[in-house]
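In: quick one: sequence plus predicted model below, questions after.
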Amino acid sequence: MGWNPGKLNPNTIRPIGPIDPEVGVVYFEGPDKKGLLTYVNFAMHPDTTGGTRISADYPGALSRRLADYKEPDMLTIFANGTCGNINHLNVQWPDRQHSPAEANRLGIILAASVLKTYMDLKPVTDNTLRVRSEVLQLPPAKVTEQDVSEAQEIKKRGSQAKFMEQVKAYKALDVAGRQDKPLEVEVQIITMGKDLAWVSLPGEIFVELGLSIKAASPFKQTHVVELANGSIGYIPNRSAYMEGSYEVVSARCAEGSGEMLVTSAVRMLAEMFKQAGSEVSKVQ
């Protein structure tokens, strides 16, 4: 398992896992049919501009293109899907992919998908909003006394230490400093009738976990949003812990934490879908 192997690296065999190609779209308009808001959910790191300056990256380009088509003052809200282990690089393509031009290229491609979606949108049949949340206690990653001792030595070396040495060291020191105290996180569900559901998760979530939630959700459309209501860093799926690499090495939560989030989200989604159906029956 390699992490960002570089362009045209001959040792690259295949991607280690799946992506989530779905572009989730929810559109809001006023009584005059004027576009007020387009919400877009997509699973890919918005880090294509590169450098150290502040940028809206490809969501900014997306927003500009949608406003060009709809209304100049229409708001676009972009929500990260579960992209903890998803970036934008095509390692088989030699072109440079860190620049404002690349952010514009990707934003235009994403905007094209949304523009095609506009013609297929259907009104929500029930706009009743429901909200539920659950606070979970995630176990911290396992750190030994030897890990802490080695981390202290690496810290003394400062910038002279290798990047991955620093990643492992600061993770060990952070986790040890918690003294086995669990990571308190919130899983929140927002639903609209039986058509729409939003799931918010508090960290950089591996895509496999988001796909599991979508597959189990009874709602017509489910948007899984990461880095919502706080963040505890990377949250890998269970099998990724054996593969290692940067995201797993830096994760502060223990193996199985991601599946705890999925279990909580899927249970609440099922309960809220059942509740929506029950209330519709009573009205009828």
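Out: Thanks, I have it.
In: tell me where the stretch 1-150 of the chain has helices.
Out: With DSSP state H, counting those that start in this stretch as the criterion, the stretch 1-150 of the chain has helices at 57-69, 100-118, 145-157.
In: didn't Ile108 look like it was pressed against Ala61?
Out: Yes: counting by Cβ atoms under 8 Å, Ile108 sits close enough to Ala61 to count as a contact (6.3 Å). The C-beta positions use only the backbone N, C-alpha and C, and glycine is treated the same way.
In: looking at those two, which is more packed in?
Out: Ala61 (25 against 14; other Cβ atoms under 10 Å).
In: now do the contacts for that one.
Out: 103-104, 106-108, 111 (Cβ atoms under 8 Å, 6 or more residues apart in numbering).
In: need the nearest residue in space to it, chain neighbours excluded.
Out: Gly107 (2.4 Å; Cβ to Cβ, 6 or more residues apart in numbering).
In: what's the pLDDT at that neighbour?
Out: Gly107 carries a pLDDT value of 98.
In: between the helix or strand Asp174 falls within and helix 145-157, how big is the angle?
Out: Assessed by DSSP states H and E, Asp174 sits inside helix 163-177. Orientation note: helix 163-177 sits at an angle of 120 degrees relative to helix 145-157 (axes from the mean of the first three to the mean of the last three Cα atoms, to 10 degrees).
In: by contact count, what packs against helix 163-177?
Out: Packing partners of helix 163-177 (3 or more Cβ pairs under 8 Å, 6 or more residues apart in numbering; DSSP states H and E): helix 145-157, helix 246-250.
In: Gly233 touches Arg252, doesn't it?
Out: Yes: judged on Cβ under 8 Å, Gly233 makes contact with Arg252 at a distance of 5.2 Å.
In: looking at those two, which has the bigger crowd around it?
Out: Per other Cβ under 10 Å, whichever of Gly233 and Arg252 has more neighbours is Arg252, with 19 against 16.
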